[in-house]
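In: Structural data only, the sequence is not supplied:
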């Protein structure tokens, strides 16, 4: 088989790494990929948003399976185009991917099908949004409606911050067209975790639970990022709670999407808050999470290609989904200044000295003069697998201690919430 993975971040490196272990796969392409992915796949210099060039690549190389990593090409309809031409592709079609592409649509689906989520109101007028915020007060959450690379959410503890968020999103257009509409919702309190599930549109099979760490600093302080680390499994999602999430959230979402003529096939990601009232949905994503994919792929014992092919055949319930009986932890190493402005081109040292059972998934890296250099805000995801969460945390940070580049920073408390339980 020839497989194409679309994307170029840490999530895609983890997917390429897992797919490369399938005996059925002879060659992997990745577009655009990164310097780490290039060790396992042929990287093709096509941006993930260049749909015509991606389609041409699939035609030219006669790709047997395309796996779409990021949300933007899903929302742009890459899956629909490839399916129409008869090429097998893993990911939801355009109308289904809009569950991530529009937060307003996601809220409407949740409200209509009784899926627990925060109270909200949607606005396409900044003045109306400000009036509403003055009426309800703070704390509240202000969200850009469209895709904003995981950063279009402002948790406002006071009214001034909420009003400033409306101005920056709707008037200053810091997230571009994604901010033409906004959602203002109540602030939920509790512990966050993620549930990702495979679905063929009828059957829904959960993956191992995971927990992302969005804020840049220890103790969940500072601005939101694309994710500073993750671990799996997340103890907050006990077997009983996982069953509740399946029955009240995942199954109703897939059935609701089908009823709306938006049949959903691929990975459905639910970002959850575990409140006093039970689990509630913060957001739905239409793809694998980043950095959750890194520990999830480290934990997956089954052949990912077999699982995907069963899903595409509508036989997901027959797939052999097995997980390692232990834990995995991913610590993201970021460039100095991230999530704000940062330098590129810093030489990365120490990757050749990582301990056994530790993998460096590359996110923002390039090759220069035979050396890996930084090329993004999130640079590496140092991921360790061990028999328990404490052992995986210890091993991951031992891996982190071996790596260095100028300005490198990272959170030192990834997995701490699991230890607290």
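Out: Received, thanks. These numbers come from a predicted model, not from an experiment.
In: Spit out the contact partners of residue 62.
Out: residue 2 (CB atoms under 8 Å, 6 or more residues apart in numbering). The way it works is simple: take the backbone N, C-alpha and C, and place the C-beta from them, glycine included.
In: Tell me which residue is most central in the protein.
Out: When CA atoms, centre = their mean is applied to the chain, the residue found nearest the centroid is residue 289 (1.8 Å).
In: and it, helix, strand or coil?
Out: coil (DSSP: H, G, I helix; E, B strand; the rest coil).
In: Verify the stated contact: it with residue 229.
Out: No. Using CB atoms under 8 Å, residue 289 makes no contact with residue 229, being 12.0 Å away.
In: Touching both of these two, which residues are there?
Out: Counting by CB under 8 Å, 6+ apart, the residues touching both residue 289 and residue 229 are residue 212.
In: before we move on, the earlier item: so who does the residue nearest to the centre of the chain touch?
Out: Residue 289 touches 11, 194, 196, 210, 212, 227, 230, 269, counting by CB under 8 Å, 6+ apart.
In: which ones are touching the fifth one?
Out: The reference is to residue 212. 192, 194, 227, 229-230, 271, 289, 291-292.
In: which residues pair with it across the strands?
Out: Bridge pairing for residue 212 (DSSP bridges) gives the partners residue 230.
In: Find me the pLDDT at it, would you?
Out: With respect to pLDDT, residue 212 scores 94.
In: And it, how close does it get to residue 293?
Out: 10 Å (CB to CB, to the nearest Å).
In: One more: the last one?
Out: To residue 293, residue 269 is 10 Å away according to CB to CB.
In: neighbour-wise, which of the two wins?
Out: residue 293 (32 against 24; other CB atoms under 10 Å).
In: Now the more buried one: closest residue in space, sequence neighbours ignored.
Out: Excluding the flanking residues, the one nearest residue 293 by CB to CB, 6 or more residues apart in numbering is residue 11, at 4.3 Å.
In: Isn't the one you found up against residue 296?
Out: No. Using CB under 8 Å, residue 11 is not in contact with residue 296; the gap is 9.7 Å.
In: what do these two both touch?
Out: residue 288.
In: how about residue 330, phi and psi?
Out: phi -120, psi 120 (degrees, to the nearest 10).
In: any idea how the chain splits into domains?
Out: As given by automatic domain parsing, the domain ranges for the chain are 2-91, 125-180, 191-318, 327-420.
In: weakest of the ones you listed by average pLDDT?
Out: When I compare those, domain 125-180 is least confident, with a mean of 91.
In: Return the distance of that one from the chain's centre.
Out: 22 Å (CA atoms, centre = their mean, to the nearest Å).
In: same question, stretch 301-311
Out: Worked out by CA atoms, centre = their mean, stretch 301-311 lies 19 Å from the chain centre.
In: Report the buried residues of that stretch.
Out: Under the neighbour-count criterion of 16 or more other CB atoms under 10 Å, stretch 301-311 has 303-305, 307-311 buried.
In: now swap in stretch 371-391 and tell me
Out: Neighbour count says stretch 371-391 has 372-386, 389, 391 buried, by 16+ other CB under 10 Å.
In: check contacts around residue 70.
Out: Contacts of residue 70 by CB under 8 Å, 6+ apart are 6-7, 9, 11-12, 48, 287.
In: And residue 232, by the same measure?
Out: Counted by CB under 8 Å, 6+ apart, residue 232 has contacts 208-211, 292, 295-296, 298-299, 327-328.
In: Which of these fall within strands?
Out: Mapping the contacts of residue 232 onto strands (DSSP state E) picks out 211, 327-328.
In: Looking at those residues, which is nearest residue 19?
Out: For the ones in strands among the contacts of residue 232, the minimum distance to residue 19 (CB to CB) is 17.6 Å, reached by residue 328.
In: Correct me if wrong: the closest one contacts residue 392.
Out: Yes. Residue 328 lies in contact with residue 392 (CB under 8 Å); the separation is 5.7 Å.
In: Relative to residue 62, how far out is the nearest residue to residue 225 once chain neighbours are set aside?
Out: Take residue 225 and drop its neighbours on the chain: the residue closest to it by CB to CB, 6+ apart is residue 339, 4.5 Å away. According to CB to CB, residue 339 stands 40 Å off from residue 62.
In: now swap in residue 260 and tell me
Out: 35 Å.
In: Can you get me a residue count around residue 173?
Out: 13.
In: Please verify my assumption that it contacts residue 179.
Out: Yes. Using CB under 8 Å, residue 173 makes contact with residue 179 at a distance of 5.7 Å.
In: rewinding a little: filter the buried residues of stretch 371-391 down to the ones in helices?
Out: Among these, the members falling in helices (DSSP state H) are 389, 391.
In: would residue 45 count as being in a strand?
Out: No. Per three-state DSSP, residue 45 lies outside any strand segment and is coil.
In: Which strand residues bridge the closest residue to it other than its chain neighbours?
Out: Spatial nearest neighbour of residue 45, chain neighbours left out: residue 32 (5.7 Å); criterion: CB to CB, 6+ apart. Following DSSP bridges, residue 32 is listed with bridge partners residue 7.
In: got it, and residue 43?
Out: residue 30.
In: From residue 29, how far out is it?
Out: 8 Å.
In: Can you give the contact residues for the helix or strand containing residue 14?
Out: Assigned by DSSP states H and E, residue 14 falls within helix 10-19. With CB under 8 Å, 6+ apart as the test, helix 10-19 has contacts from 3, 5-6, 25, 28, 30, 33-34, 36-37, 40-41, 67, 69-70, 288-291, 293-294, 296-298, 300, 304-305, 330, 332, 359, 361-363, 378, 380-381, 383.
In: go again using 7 Å as the cut-off
Out: With CB atoms under 7 Å, 6 or more residues apart in numbering as the test, helix 10-19 has contacts from 3, 5, 25, 28, 30, 34, 36-37, 40-41, 67, 69, 288, 290-291, 293-294, 297, 300, 304-305, 359, 361-363, 378, 381.
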